[in-house]
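Engineer: what follows is a predicted protein model with its sequence.
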Amino acid sequence: MDALNNLMYGFGIALEPINIAYVFAGVFAGTIIGMLPGLGPISALALMIPITFAMEPSSGLILMAGVYYGAIFGGSTSSILLNAPGVAGTVATSFDGYPMAKKGLAGKALAIAAYSSFVGGTVSVIFLMLVAPLLSKVAVSFGPAEYFALMVLGLTAVVSLSDKSLVKGLIAAVVGVMISIVGIDMQTGTERFTFGSAQLLDGIDFLVVALGIFALAEVFYMLLRGGGGKETPRNAIGSLKLTRSEVKEIAGPVSRSSVLGFFTGVLPGAGATIGSFLGYSMEKRIAKDGNTFGQGNIKGVAAPEAANNAACTGSFVPLLTLGVPGSGTTAVLLGALLVMGVTPGPMMLEQRPDVFWGVVASMYIGNIFLLVLNLPLIPLIAKILDLPKPLLLSLILIFCMIGVYGMSFSVFDLLLLLGFGLLGLGMRLFGFPAAPLILALILGNIMEESMRRALQISGGDWMTFIDKPISLSLLLIALLSLGLPLLKKRRKRAIAE
Amino acid sequence: MTSLSLKRLAVIALPMAALAGMMTSAQAQEWTPSKSIEFVAPANPGGGWDTLVRTMSRVIQQEGLADKNFAAINVPGGGGAVAWAQIARDSGNPHKLFATSPPMILVPLAGASRYDHTDFTPVARINTDYSIILVAADSEYQDLNDLFAALKENPRLSVGGGSAPGSMDHISVAGLASAAGLDASSVNYIPFSGGGDAMTNLMGGHIEAVITGAGESVGQLGEGSQLRALGVSAEERLGGALADVPTYQEQGIDYTFDIWRGVMGAPDMPEEAVTYYEDLFAEMLETDAWRQASDQLGWIDAYQNSEEFGAFLDEQQEQFSSVLSDLGLLRQ
């Protein structure tokens, strides 16, 4: 009952007219920002610090939080329509979202993304409200060894998805890890694989690789097929409506992934990417029609979208209860709160309940706004697919280049983008999956740093990964997820004989 | 991602600032900026440099201290080296400033930047933070001497910090260890991606102790906290929430460490411009808005003018290079 009272108190704050206006402004700006790659929520929030300074801390955080989860909500659009994921958390959405769009089901894919995001966002707010203080314990229980095991699990889960060839999946993952190594090594300050180039000192950004290997490779592939490809059919958007059986079909994946996403979001640093990939691979494993994942299965859109929005809410747990930012975006939020005179941390729930409960309540309202705002926008945005193919392809090309150039102002990055586009094309032609590469790139750094930290703490003893129960169980699950497909294959062969 | 929008902001701010400039006509003779000032944070938004740049820009604007706008610009990369390389090319430009702190000395000493502090114009030191040593609330170590006695016995005990080896937190704890009679290089320093990350690991019992900025730790200390502070690197006790934390010197270890923050400008900045900024920043430190922001961020004013700051930087370089060479991390 306590939580209910607190929530009512929170709604009292969130429902003040000015705060409703802030929620709306926040989620609206966030949606737009999320749709454009290269303009992530971090820069948007940094720009807002001076604006929020004079505000009540609760209003300021309500506004900024709105931008953050609004951006995640809107982030699926470019993944689905253009195969161009702008944020790491929406990569998994493109696996089935883009094939759906190609089949003329763009409207439905976007609608599913919106509904799933809404459920993921709302379910996780309920969790945030009920268990946030308890969860801070979970967040700190993950040390370097546990993080390493979690990253291994995330990677193997994705590698095991590549049903055509496990070996090709592993090769792609290794290449991804190799790309993540480029740059200055955090642990020793040594330059690795930079070939003396200053542009490579900070490594290769996720966005360059993602846009190259997904969007640009797709453009190249279509060009290669030339006139052979069918002209996009008119009215490519399709209906937004879900049938009753479709709703039933995605209900399970959405609710499972919402919970999973929330808990991965709670872990500082892991967040939306791991949540959405794990959600996706879990659903593929469970589903009876798992073999149609990757060809436009609606569950493949629903699961990662629910997970990444839930993870976004989850990332507020370490921020608000421990005062520790779990991601770049929440680090900026922490900075903004400090400037506004609020110190997030263990004492915040007692000292500033208005901020905590006001924000929690505003998230319910914000998610409703997002749904209402996004659904009518879908037909408008999806019209982009009605463009004639030559125009659409050039548009994707420009879109990618602006995204990359806008991030770094570096022509070198544009060349890299081109290079990764060609690499992506080659991988497609030879049947290498792109997902393990991109995930390995995102997780590679955390995986390596966690491993080295864990070993440094243990004095070089590898048993540290096995001695810790959380780490051991995660590694065992990882082993299972790699081993099961092999066993299945063997059994099939045995039966055939 | 970040720099795009921030540069855009600067573009929008420019004409507005120009308008303001026309209305409040500049005083005769003295140098004043003729256009918006690019104030660079050589890092991503959210960190120490970024906070300094944004807070200063805001206070100056709020209090109407300057005719021209201070536009915050983030140039991340190479621990500052990317921004320094850009600014070094802008010799003589009086409209370009950047935030600085110990990495300005440490990164070049580690061989990771072609430019060091002598390549730029010192403008003013602004304030300082101190290092703080933390342990878990239920830790057996009651004071610094307990901790160092244990470290002496078992050098594998891990001390986490928020920055790379050879950078601020590492130098600070290595210097402390050597003042306490240990070998500086014997500290098992574990670098985390930030002070917050290190503190979470301390709460989870994954490491023995943490060294981080005192300002950063304020939110984690106090009643009901899971962490306990053993000492600060200041000469005198700090105020507020940290008033109960003894200094190193109180515990018989003669060692202090400043995490100073200041402002530098492009190489060979004209003297009149330096004077203008010196005065401006000195005036800014007197405002209530600055006072309030500093209290919240745990900053302690430590103003030095251009000349003093330059001499101070030279001293720091000497001190740091001796610690780095003890650690075997000096590359020059």
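Structural biologist: Done, it's in.
Engineer: tell me the predicted confidence for residue A:466.
Structural biologist: Residue A:466 carries a pLDDT value of 92.
Engineer: hmm, I typed the wrong one, I wanted residue B:322.
Structural biologist: Value listed for residue B:322 in the pLDDT field: 88.
Engineer: quick one: contacts for it?
Structural biologist: If a contact means Cβ atoms under 8 Å, 6 or more residues apart in numbering or on different chains, then residue B:322 has no contacts. C-betas here are computed from N, CA, C, even on glycine.
Engineer: so where's the chain uncertain?
Structural biologist: Went with chain A since none was named. Residues of chain A meeting the criterion pLDDT under 70: A:1, A:37-40, A:50, A:163, A:189, A:227-236, A:269-270, A:497.
Engineer: oops, I was thinking of chain B
Structural biologist: For chain B (pLDDT under 70), the answer is B:1-29, B:45-46, B:332.
Engineer: which residues of it fall in helices?
Structural biologist: Assigned by DSSP state H, chain B shows helices spanning B:2-23, B:48-62, B:81-88, B:103-109, B:144-153, B:168-179, B:195-203, B:214-217, B:271-285, B:288-297, B:306-327.
Engineer: now those as a markdown table including distance to residue A:185?
Structural biologist: A markdown table is the format used below for the helices of chain B (distance: least, Cβ to Cβ, whole Å):
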| stretch | distance to residue A:185 |
| --- | --- |
| helix B:2-23 | 23 |
| helix B:48-62 | 22 |
| helix B:81-88 | 15 |
| helix B:103-109 | 14 |
| helix B:144-153 | 26 |
| helix B:168-179 | 15 |
| helix B:195-203 | 17 |
| helix B:214-217 | 24 |
| helix B:271-285 | 36 |
| helix B:288-297 | 31 |
| helix B:306-327 | 17 |
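Engineer: for those, which one sits closest to residue A:340?
Structural biologist: Proximity to residue A:340, assessed across the helices of chain B by Cβ to Cβ, is greatest for helix B:288-297 (8.3 Å).
Engineer: report the angle between the closest one and helix B:48-62.
Structural biologist: Between helix B:288-297 and helix B:48-62, the angle comes out at 160 degrees (axes from the mean of the first three to the mean of the last three Cα atoms, to 10 degrees).
Engineer: what angle do helix B:288-297 and helix B:271-285 make?
Structural biologist: With the same axes, to 10 degrees as the basis, helix B:288-297 and helix B:271-285 are set at 70 degrees to each other.
Engineer: name the residues of helix B:288-297 that are buried.
Structural biologist: The neighbour-count check on helix B:288-297 (16 or more other Cβ atoms under 10 Å in any protein chain shown) flags B:289-290, B:293-294, B:296-297 as buried.
Engineer: residue in the stretch 351-497 of chain A nearest to chain B?
Structural biologist: In the stretch 351-497 of chain A, the residue that lies nearest chain B is residue A:406 (4.1 Å; Cβ to the nearest Cβ).
Engineer: element containing that residue?
Structural biologist: helix A:389-408 (DSSP states H and E).
Engineer: that helix: how far from the chain's middle?
Structural biologist: 21 Å (Cα atoms, centre = their mean, to the nearest Å).
Engineer: next: stretch A:329-343.
Structural biologist: 23 Å.
Engineer: show me what counts as buried in that stretch.
Structural biologist: So, applying 16+ other Cβ under 10 Å, buried residues of stretch A:329-343: A:329-340, A:342-343.
Engineer: reformat these into CSV and put secondary structure and distance to chain B next to each item.
Structural biologist: Below are those laid out as CSV (DSSP: H, G, I helix; E, B strand; the rest coil; distance: Cβ to the nearest Cβ, whole Å):
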residue, secondary structure, distance to chain B
A:329, helix, 9
A:330, helix, 9
A:331, helix, 4
A:332, helix, 5
A:333, helix, 9
A:334, helix, 7
A:335, helix, 5
A:336, helix, 9
A:337, helix, 10
A:338, helix, 6
A:339, helix, 7
A:340, coil, 8
A:342, coil, 9
A:343, coil, 4
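Engineer: does any bit of stretch A:124-141 sit next to chain B?
Structural biologist: Yes - residues of stretch A:124-141 contacting chain B under Cβ under 8 Å from any Cβ of the partner chain: A:139-141.
Engineer: so what touches that stretch?
Structural biologist: Residues contacting stretch A:124-141 (Cβ under 8 Å, 6+ apart): A:3, A:6-7, A:258-259, A:261-263, A:265-268, A:309-314, A:316-318, A:320-322, A:324, A:326, A:346, A:349, A:360, A:363-364, A:367, A:470, B:200-201, B:203-204, B:226.
Engineer: CA-only coordinates of it in CSV, if you can.
Structural biologist: Only the C-alpha atoms of stretch A:124-141 are listed here, as CSV (Å, rounded to 0.1, in the frame of the first residue of the first chain):
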residue,chain,number,x,y,z
SER,A,124,9.1,-1.6,-16.2
VAL,A,125,7.8,1.5,-14.5
ILE,A,126,5.7,-0.8,-12.2
PHE,A,127,8.9,-2.7,-11.4
LEU,A,128,10.8,0.5,-10.9
MET,A,129,8.2,1.6,-8.4
LEU,A,130,7.9,-1.6,-6.5
VAL,A,131,11.4,-2.9,-6.3
ALA,A,132,13.9,-0.1,-7.1
PRO,A,133,15.3,0.1,-3.6
LEU,A,134,15.8,-3.7,-3.4
LEU,A,135,17.3,-3.8,-6.9
SER,A,136,20.2,-1.6,-6.0
LYS,A,137,21.6,-4.8,-4.4
VAL,A,138,21.4,-6.6,-7.6
ALA,A,139,23.2,-3.9,-9.4
VAL,A,140,26.2,-3.9,-7.1
SER,A,141,26.3,-7.7,-7.0
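Engineer: near chain B, which residues of the stretch 351-497 of chain A show up?
Structural biologist: Residues of the stretch 351-497 of chain A lying near chain B (Cβ under 8 Å from any Cβ): A:406-409, A:449, A:453, A:456-457, A:459.
Engineer: what about the strands in chain A?
Structural biologist: Ranges of strands within chain A are A:183-184, A:191-192, based on DSSP state E.
Engineer: do the first one and chain B meet at all?
Structural biologist: It stands for strand A:183-184. Yes - Strand A:183-184 reaches chain B (Cβ under 8 Å from any Cβ) through residue A:184.
Engineer: okay, the spatially most central residue of chain A and residue A:74: tell me how far apart.
Structural biologist: Compute the mean C-alpha point of chain A, and by Cα atoms, centre = their mean the closest residue is residue A:89, 0.9 Å away. Distance, residue A:89 to residue A:74, by Cβ to Cβ, to the nearest Å: 12 Å.
Engineer: and for the two, which residues touch both?
Structural biologist: With contacts defined as Cβ under 8 Å, 6+ apart, no residue is shared by residue A:89 and residue A:74.
Engineer: quick one: residues contacting the nearest residue to residue A:52 once chain neighbours are set aside.
Structural biologist: Spatial nearest neighbour of residue A:52, chain neighbours left out: residue A:60 (3.6 Å); criterion: Cβ to Cβ, 6 or more residues apart in numbering or on different chains. By Cβ under 8 Å, 6+ apart, residue A:60 lies in contact with A:52-53, A:336-337, A:340.
Engineer: residues in contact with the residue of the stretch 51-200 of chain A found nearest chain B?
Structural biologist: Among the residues of the stretch 51-200 of chain A, residue A:143 lies closest to chain B, at 3.1 Å counting by Cβ to the nearest Cβ. Contact partners of residue A:143, counting by Cβ under 8 Å, 6+ apart, are A:454, A:457, A:468, B:201, B:204-207.
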